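Enquirer: Model the structure of this input:
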Amino acid sequence: MASVKQTDRPPIEKPPLPPTNGGIPQQSPEELAVATAVQHHVASYQRVVAERDELQRQLDRMEQSMTVSKIEIEALRAERGAAVSRMESYQRERDDAVANLTVYQTMYISMMAQLRAFGIEHAPLIKEQPDPTP
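Expert: Residues are numbered from 1 along each chain as shown. Below you'll find the model as predicted:
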């Protein structure tokens, strides 16, 4: 077997352990400042992440609300189109009724003029009959 050579190197020394305060290692002010800064940055990062998540939830709710609103707008547009169509139909019906009324009024005026021309009295078309029961 091969033997291990011993060299003149000094043995590796471990750094001394920091003094403890009841089992808790004490930190130097620099280490304490670094640890405080790290804790501050971690807390800041957690706040930013929480805020980002909340804003993402708000964005999702707004997008959902916007989608619902778009659907409602399309439904209202369709309903308005149907109402306009019905209104135009009723306007055509009214225009036809006005045209027919004009024709009947013209015919009535013409008949009244003929009756006057021939000297026929204007009288009711249905004569009343006396009541047969006393």
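
Enquirer: how much space between residue 111 and residue 103?
Expert: As defined by C-beta to C-beta, to the nearest Å, residue 111 lies at a distance of 13 Å from residue 103. All C-beta spots, glycine's among them, are computed from the backbone N, C-alpha and C.

Enquirer: Then residue 61?
Expert: 63 Å.

Enquirer: So residue 128 lies in a helix, does it not?
Expert: No. If the criterion is DSSP: H, G, I helix; E, B strand; the rest coil, then residue 128 is coil and not within a helix.

Enquirer: per-residue pLDDT, it?
Expert: Among the per-residue scores, residue 128 shows a pLDDT of 75.

Enquirer: For this structure, which segments count as helices?
Expert: Along the chain, counting by DSSP state H, helices occupy 29-117.

Enquirer: Can you mark which positions in stretch 94-104 are buried?
Expert: Neighbour-count burial for stretch 94-104, counted by 16 or more other C-beta atoms under 10 Å, picks out no residue.
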